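*Asks:* Sequence plus predicted model, see below.
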Amino acid sequence: MGKTEWYLEYEIQKNRPGLLGDISSLLGMLSINIVTINGVDEGRRGLLILAKNNEQIVRLESILQTMDTIKLIKLREPKLRDRLAVRHGRYIQRDADDKKTFRFVRDELGLLVDFMAELFKQEGHKLIGIRGMPRVGKTESIVASSVCANKRWLFVSSTLLKQTIRSQLIHDEYNENNLFIIDGIVSSRRANERHWQLIREIMHMNAVKVVEHPDIFVENTEYSIEDFDYIIELRNDPEEEIKYDIVDKTRMLSESDFGGFDFS
């Protein structure tokens, strides 16, 4: 019988030399292997561990709860956020009211790319929205995550180099392993019906779709925010407010410098 991976997180109550060694020794006595360990928050450590059976975990939990030097926070099968917290040494910020909304700042781009790459690797339909001001790194993060996930990315609408609005795909682009990137502002305010017919076709594919500016996207379409599986917010700093009137002004200036094009 193979071993099962678990996530253990504890908060240090009395920080003293040798505490981590005591925890490691306890795991060794119970024949539980440590895969990875890291600090995940102020005064907290997270560990990915391997156990042969649930009895080992039950015994571990019982012993940890008697210790006055630590407080057991989590002992469960690892979730994506747990794995990334151990890998990067910090937890992804999650909206307290909307559990599908995750917040990042620009100096966490490495964590963001890792997070999105894990989402992109999942099979089947996935609709992801990403909010953020111009030049904060949205498109670049999506492309980098696609590379990490070994996905081919396709711009359905974009202003990365020039304004791009696709009205059809060629045959090999109708591939469920591709990742489709949609600029919500460009599609909502600049596109024609042929473009929207293409978006509807893509939405029915069992593939990953990423929509920049999802709030603008849903304003003039039949889609709603509830249709999104994940919403990601990317800011230059934690206090930055995402304002779409500023985004629009930046787009207008950009379009005056570079002409747009529609291609098949």
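*Replies:* On my side now, so go ahead.
*Asks:* Count the neighbours of Ile237 for me.
*Replies:* Wrong residue type there; residue 237 is Asp, not Ile. For Asp237, the count of nearby residues is 8 (other CB atoms under 10 Å). For glycine as for every other residue, the C-beta is placed from the backbone atoms N, C-alpha and C.
*Asks:* mind checking how far it is from Phe104?
*Replies:* 11 Å (CB to CB, to the nearest Å).
*Asks:* swap in Met116?
*Replies:* Computed as CB to CB, the Met116 to Phe104 distance reads 10 Å.
*Asks:* now Arg90
*Replies:* Using CB to CB, Arg90 is found at 11 Å from Phe104.
*Asks:* list residues touching both of those two?
*Replies:* Listed as contacting both Arg90 and Phe104 by CB atoms under 8 Å, 6 or more residues apart in numbering are Leu111.
*Asks:* between those two, who's got more neighbours?
*Replies:* Set side by side, Arg90 and Phe104 show more neighbours around Phe104, with 24 against 15, by other CB under 10 Å.
*Asks:* Kindly list the main-chain dihedrals of that one?
*Replies:* phi -140, psi 160 (degrees, to the nearest 10).
*Asks:* That one: what's it in contact with?
*Replies:* So Phe104 contacts Ile92, Gln93, Leu111, Leu112, Phe115, Ile232, Glu233, Leu234, Arg235 (CB under 8 Å, 6+ apart).
*Asks:* That one pairs with what?
*Replies:* For Phe104, the beta-bridge partners are Leu234 (DSSP bridges).
*Asks:* swap in Asn178?
*Replies:* Residues in beta-bridge contact with Asn178 (DSSP bridges): Arg152.
*Asks:* Would you check that it makes contact with Phe155?
*Replies:* No: if you go by CB atoms under 8 Å, Asn178 and Phe155 don't touch, sitting 11.2 Å apart.
*Asks:* For Trp6, list the residues it contacts.
*Replies:* Taking CB under 8 Å, 6+ apart, we find Trp6 in contact with Leu48, Ile49, Leu50, Ala51, Ile57, Leu75, Arg76, Glu77, Pro78.
*Asks:* can you pull the buried residues of stretch 205-223?
*Replies:* Buried residues in stretch 205-223, counted by 16 or more other CB atoms under 10 Å: 207-218, 221, 223.
*Asks:* Which of the contacts of Trp6 has the largest number of neighbours?
*Replies:* In terms of neighbours by other CB under 10 Å, the contacts of Trp6 top out with Ile49 at 23 neighbours.
*Asks:* Please name the bridge partners of it.
*Replies:* Beta-bridge pairing for Ile49 (DSSP bridges): Trp6, Ile34.
*Asks:* Settle this for me: it is touching Gly28, isn't it.
*Replies:* No: using CB under 8 Å, Ile49 makes no contact with Gly28, being 10.9 Å away.
*Asks:* overlap in contacts of the two?
*Replies:* Counting by CB under 8 Å, 6+ apart, nothing touches both Ile49 and Gly28.
*Asks:* Could you tell me how far the helix or strand where Asn38 lies lies from the centre of the chain?
*Replies:* Using DSSP states H and E, Asn38 falls within strand 33-41. Mean-position distance between strand 33-41 and its chain equals 21 Å (CA atoms, centre = their mean, to the nearest Å).
*Asks:* now stretch 6-22
*Replies:* 28 Å.
*Asks:* pLDDT averaged over it - what is it?
*Replies:* In this model, stretch 6-22 carries a mean pLDDT of 93.
*Asks:* Could you give me the buried positions within that stretch?
*Replies:* Result for stretch 6-22 [16+ other CB under 10 Å]: buried residues Trp6, Tyr7, Leu8, Glu9, Tyr10, Ile12, Leu19.
*Asks:* Sounds good, over and out.
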